[in-house]
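Visitor: next input, structure requested:
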Amino acid sequence: MERNIDWERIDAIIDEELKAAALQADAPRLTEEMLRAAAVAMPTGETRVPISIRIEREVLDFFKRQGPGYQSRINAVLNAYVRMQGRR
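Guide: As a prediction, the model looks like this:
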């Protein structure tokens with residue numbers, strides 16, 4: 001099933017969220033060095049639940065190209081999204 005995804009609209013929304021976050025007074029100013037040293041924090045512990053999920057091939061391929069641990073990276077991205085939504 002082909003889905004028409006408006007990537008430009010999604011990029012604009014993400015850009016606006018990033019700009020808004022950057023303007024917050026308590027947001028730290030990130031340097032190039034800090035960005036280079038940044039890493040995704042992989043969850044630990046036994047809180048994971050095995051499920052079956054359908055995602056687009058392009059998304060799966062993107063994470064798999066980064067090597068072993070792609071499922072953990074997908075989980076980390078979803079976890080970051082959940083945390084960001086909780087701040088609203």
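
Visitor: what about the helix or strand hosting residue 59, distance to the chain center?
Guide: Assigned by DSSP states H and E, residue 59 falls within helix 57-65. Remark: helix 57-65 is offset 13 Å from the chain centroid, using Cα atoms, centre = their mean, to the nearest Å.

Visitor: cool, stretch 77-88 as well?
Guide: Distance of stretch 77-88 from the chain centroid (Cα atoms, centre = their mean) equals 9 Å.

Visitor: only alpha carbons, please: show it as CSV.
Guide: Provided in CSV are the C-alpha atoms of stretch 77-88 (Å, rounded to 0.1, in the frame of the first residue of the first chain):
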residue,chain,number,x,y,z
VAL,A,77,14.2,6.8,18.9
LEU,A,78,10.7,5.9,20.0
ASN,A,79,11.6,6.4,23.6
ALA,A,80,13.0,9.9,22.8
TYR,A,81,9.8,10.7,21.0
VAL,A,82,7.7,9.6,24.1
ARG,A,83,9.8,11.7,26.4
MET,A,84,9.5,14.8,24.2
GLN,A,85,5.7,14.4,24.0
GLY,A,86,5.6,14.2,27.8
ARG,A,87,7.1,17.6,28.1
ARG,A,88,4.3,19.3,26.3
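
Visitor: give me the helices and strands touching the following helix or strand past the helix holding residue 59, please.
Guide: Note on helix 57-65: by DSSP H and E, the next helix or strand toward the C-terminus is helix 70-86. Where contact means 3 or more Cβ pairs under 8 Å, 6 or more residues apart in numbering; DSSP states H and E, helix 70-86 is packed against helix 57-65. Yep, even glycine has a C-beta here, placed from its N, CA and C like the rest.
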